[in-house]
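K.L.:
no sequence for this one, just the structure:
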Ligand SMILES: Cc1cc2nc3c(=O)[nH]c(=O)nc-3n(C[C@H](O)[C@H](O)[C@H](O)COP(=O)(O)O)c2cc1C
């Protein structure tokens, strides 16, 4: 007999950490030039036609309260040498942008240098997702660096693809 039970948050977090993902930083700049950015594991490719991706942001996130009001923003998929950015853009009470190297996309939004993929977006829809918002984003432009390897996240730790032997 299979009996459902109330899943404690700690069990949910621990078990779902076995789902391996990449890592992103969602970045943006408002009309006043204020920069915002947050590390986000919950990024997904969603639709080809129209081109949509999605990410989930905690309802208490101060960064998302800024990002959701921006007309445009950028999703930076991190490469294997960008752990420091994953940590930096998740910390409170630090200037997340200090010492960070970035440039602007053609919409004037900040793109972190050295990523494996950057996706220029605008918000398409926002949905309720429990204690998170589900942001569905329309893709406007893609920049891809095929020489990079991805930064992975598995059971609360960074992880890396095994090195492949060159031919
Ligand atoms: C590896 C990692 C993955 C994270 N993934 C998410 C995520 O998918 N969604 C989210 O809302 N916060 C995520 N966070 C937390 C945010 O980066 C950040 O700490 C949180 O938004 C609090 O900062 P804020 O209030 O300035 O937004 C993640 C943090 C880390 C270290």
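P.N.:
Sure thing, it's come through. The shown structure was predicted, so the numbers you read here are calculated from the model rather than taken from an experiment. Numbering: from 1, shown residues only.

K.L.:
Where does the prediction get shaky in the chain?
P.N.:
For the chain, residues meeting the criterion pLDDT under 70 lie at 165-167.

K.L.:
For it, which residues are neighbours of the ligand?
P.N.:
For the chain, the contact set with the ligand under Cβ under 6 Å from any ligand atom comprises 23, 38-42, 56-58, 61-64, 86, 90, 92, 153. Just so you know, the C-beta spots here come from the backbone N, C-alpha and C atoms, and that holds for glycine as well.

K.L.:
Would you show me how to pick out the buried ones of the residues you listed in ChimeraX?
P.N.:
Selecting only the buried entries of the residues of the chain next to the ligand in ChimeraX, with 16 or more other Cβ atoms under 10 Å as the criterion:
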select :23,38,39,40,42,56,57,61,63,64,86,90,153
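
K.L.:
Cross the residues of the chain next to the ligand against helices and list the overlap.
P.N.:
62, 63, 64, 86 (DSSP state H).

K.L.:
Pick out the most distant pair among the residues you listed.
P.N.:
62 and 86 (18.0 Å; Cβ to Cβ).

K.L.:
Next up, the contacts around residue 125.
P.N.:
By Cβ atoms under 8 Å, 6 or more residues apart in numbering, the contact set of residue 125 is residue 136.

K.L.:
Kindly provide the distance from residue 109 to the ligand.
P.N.:
Going from residue 109 to the ligand by Cβ to the nearest ligand atom, to the nearest Å gives 18 Å.
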